[in-house]
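Novice: pasting the sequence and the predicted coordinates here, then a few questions.
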Amino acid sequence: MIDNTVGSDDKSALQAKFDAQKIAFAPVMFQAAKVLRDLGILEYLKKAGKKGADINTVATNLKLPEYGVKVLLEAGLSLEMVRLENDRFVLTKTGFFILRDKLTQVNMDFVNDVNYLGMFHLQESVRNGKPEGLKVFGDWQTIYEGLSDLPEQAKESWFAFDHYYSDYAFSELMPLVFEGNPEKILDVGGNTGKFSIWCAEYNKSVSLTILDLPGQIKVAQENIEQMGYENRISTIGLDLLDNSVPFPNGFNIIWMSQFLDCFSQQEILGLLKRAYNAMDLNSVLYILETYWDKQRFEASTYSLHAISLYFTCMANGNSQMYHSEDMINLVDKAGLFVEENYEDVGISHTLFKCRKKK
């Protein structure tokens, strides 16, 4: 059962009102933070160290109008990205993370390049159950259909976001995936082929098959050929939501990584049932996901709740980052059970090892 007592409401009215103003101006201040980063102002202050720099010095050295630097740095004070000492601005720890932290960079670029304009249509998306914000990029039912045709910057930020989270997890999971010496792995929703290529590099005898949408399969094939694994990694392009098309059988492992969160609960159940039908009692289904209730840090939970709104408005209109109990219940309904679960994988993942019920 989902815990309905998450969070507290013990802050003062004054603090609550201040927090409300932060929300009210969040889109404006987000852009200020990004511009401080992108114009090199944060980098300049980092190099200035503890002595900092005044507005004129920053503007002169970066060849920027003094007025613009002034309003940005003053916004940076409220963002706690900089502090003011004797009329000189000094970079704070928060400013440093905006500048240097890879996770923060990936998330900020993903929000700006993929989500920002489309989020204006969030209310329509909630009402209609469709990703109404996606229209800012093209006329597609889901973002997955149009990934290869997104504007270059949006595409780059989308894949950087997707790969950043998976890369940390994959390196940790290789020994676990191959502990039973699997000969054949079915990579469902294999996207650009990243996981399958990891496997082919890690184990020199395993063969893999990727299932995904035709557009994604095209990208995966290019990457596979570039790495020289076309003899060991095959691909099948299909509509993953067409439950009349069975998954191929005869695989030791069926792998679903950062995949099921892209679908509604009813759609997930259909995918899990097709996995069930392709398995025997010795087969293993691995589900790698980030669940908001399994996070060690508030920042992770906050990020996952925000990412759910990306699914609502931009991706498909009906999926989210799930609570772990949602997934466990769907696994059970599909005729499977979670034999083992591994938490704190990579940055924020949980791995479910599933088998057919006897």
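Specialist: Yep, that arrived. Quick caveat, the model's predicted, so the values are computed rather than measured.
Novice: which neighbouring elements make contact with the strand ranked longest in the chain?
Specialist: Using DSSP state E to define each element, the chain has its longest strand at strand 336-345. In terms of contacts (3 or more Cβ pairs under 8 Å, 6 or more residues apart in numbering; DSSP states H and E), strand 336-345 is packed against helix 152-177, helix 265-278, strand 284-289, helix 324-333, strand 349-356. No exception for glycine: its C-beta is placed from N, CA and C like everyone else's.
Novice: now these as a markdown table including mean neighbour count and mean pLDDT?
Specialist: Output for these, formatted as a markdown table (neighbours: other Cβ atoms under 10 Å; pLDDT from 0 to 100):
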| stretch | mean neighbour count | mean pLDDT |
| --- | --- | --- |
| helix 152-177 | 17 | 87 |
| helix 265-278 | 18 | 97 |
| strand 284-289 | 23 | 96 |
| helix 324-333 | 17 | 97 |
| strand 349-356 | 21 | 96 |
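Novice: export those to a markdown table and tack on distance to G95?
Specialist: Formatted as a markdown table, these follow (distance: least, Cβ to Cβ, whole Å):
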| stretch | distance to G95 |
| --- | --- |
| helix 152-177 | 21 |
| helix 265-278 | 40 |
| strand 284-289 | 32 |
| helix 324-333 | 35 |
| strand 349-356 | 29 |
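Novice: my guess is S234 is in a helix, correct?
Specialist: No - applying DSSP: H, G, I helix; E, B strand; the rest coil, one finds S234 to be strand, outside a helix.
Novice: quick one: strands adjacent to the longest strand of the chain?
Specialist: Using DSSP bridges, strand 336-345 pairs in its sheet with strand 349-356 (antiparallel).
Novice: so G133 belongs to a strand, correct?
Specialist: No - according to three-state DSSP, G133 belongs to no strand; its state is helix.
Novice: so who does it touch?
Specialist: Counting by Cβ atoms under 8 Å, 6 or more residues apart in numbering, G133 touches N115, L117, G118, M119, F120, H121, L122, S125, C313, M314.
Novice: follow-up on the earlier one: name the residues that touch the longest strand of the chain?
Specialist: Contacting residues not belonging to strand 336-345 are listed as 169, 172-173, 176, 272, 275-276, 284-285, 288, 294, 296, 328, 331, 350-357 [Cβ under 8 Å, 6+ apart].
Novice: cutoff 10 Å now
Specialist: 168-170, 172-173, 176, 272-273, 275-276, 279, 284-291, 294-296, 324, 327-328, 330-332, 349-358 (Cβ atoms under 10 Å, 6 or more residues apart in numbering).
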